[in-house]
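Student: Just to be clear, the model below is a prediction. Sequence and coordinates:
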Amino acid sequence: MKAGSHHLAVYNFGVHTASYLAASVQGFALREPLNFEAATRAVGFVGRSGYAAEPGPESWGERVFPRFLEEAGRTSGVSSLSLWQDIESLMAFTYSGVHADALKHARHWNERHAWPPLVLFWMNAGQLPTWTEAVERFELLTDRGPTPQAFSFKSAFTSEGVPYAVDRERVKVLSIQNSKRQADLLSLITTLPV
């Protein structure tokens, strides 16, 4: 599916098992900049929000967290917000290459919770989602399940609100293209501790 007039937003949220600076989360901290770089090289990447007062891209509004953070007894969580051309390009990045390595080891760094790990939603091309809007969509998915306003890879929708079956063959092709673009990063990943 080629969205054209729309871009796919993805917001993910989790809670680390320890402080970001703790040795037990070092594997995540070392991989984070490599994941951001891999995303910029990925086919279909449009852009990502940075974090206020940190080097990198501009923040898309004030960073906020879902209500689940307070319910978990925490004051900070891990989250990201980015835009992609379509579902297949995001899926190819998410489940292959550098990011797939991070997913493989996520159980070492992140607590398990009942909420979903991410939410997907469509934006008009040229429009940026805010952190607040992303959190609202995340909570909507958690509270009501997949809808055209807030969905997942397993229960996807087109920008017109029609249920959508992901083109798995296109995901494979894009994954191969991405692997070539991030070969140096993949080599580096193998040297990092978990």
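Tutor: That came through, no problem.

Student: Quick one: find the helix or strand in the protein with the lowest mean pLDDT.
Tutor: One helix or strand of the chain scores below all others by mean pLDDT, DSSP states H and E: helix 68-71, with a mean of 90.

Student: Pull the residues that contact stretch 151-159.
Tutor: By Cβ atoms under 8 Å, 6 or more residues apart in numbering, the residues outside stretch 151-159 that reach it are 1, 3, 5-6, 87, 91, 94, 116, 118-122, 141, 145-148, 163-166. For the C-beta atoms, the positions are set from N, CA and C on the backbone; glycine is no exception.

Student: are any of these buried, and which?
Tutor: 1, 3, 6, 87, 91, 94, 116, 118-122, 141, 146, 148, 164, 166 (16 or more other Cβ atoms under 10 Å).

Student: all helices of the protein, in order?
Tutor: Counting by DSSP state H, the chain has helices at residues 26-41, 68-71, 87-94, 97-109, 131-144, 168-181, 183-189.

Student: Looking at those helices, spot the one closest to Tyr20.
Tutor: When the helices of the chain are compared by Cβ to Cβ, helix 26-41 sits nearest Tyr20, at 6.2 Å.

Student: and the angle for the closest one with helix 168-181?
Tutor: For helix 26-41 against helix 168-181, the angle by axes from the mean of the first three to the mean of the last three Cα atoms, to 10 degrees is 100 degrees.

Student: Need the mean per-residue confidence for helix 26-41.
Tutor: Taken as a whole, helix 26-41 carries a mean pLDDT of 96.

Student: How about it, which residues are buried there?
Tutor: Buried residues in helix 26-41, counted by 16+ other Cβ under 10 Å: 26-28, 31, 34-36, 38-39, 41.

Student: With distance to Ala52 as extra columns, can I get the residues you listed in JSON lines?
Tutor: Below are those laid out as JSON lines (distance: Cβ to Cβ, whole Å):
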{"residue": "Gln26", "distance to Ala52": "24"}
{"residue": "Gly27", "distance to Ala52": "25"}
{"residue": "Phe28", "distance to Ala52": "21"}
{"residue": "Arg31", "distance to Ala52": "22"}
{"residue": "Leu34", "distance to Ala52": "22"}
{"residue": "Asn35", "distance to Ala52": "20"}
{"residue": "Phe36", "distance to Ala52": "16"}
{"residue": "Ala38", "distance to Ala52": "23"}
{"residue": "Ala39", "distance to Ala52": "20"}
{"residue": "Arg41", "distance to Ala52": "25"}
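
Student: Now do Arg48 against Glu58, distance only.
Tutor: According to Cβ to Cβ, to the nearest Å, Arg48 and Glu58 sit 10 Å apart.

Student: now swap in Lys180 and tell me
Tutor: 29 Å.

Student: that older thread, from the helices of the chain, which stretch is densest packed?
Tutor: helix 87-94 (a mean of 25; mean count of other Cβ atoms under 10 Å).
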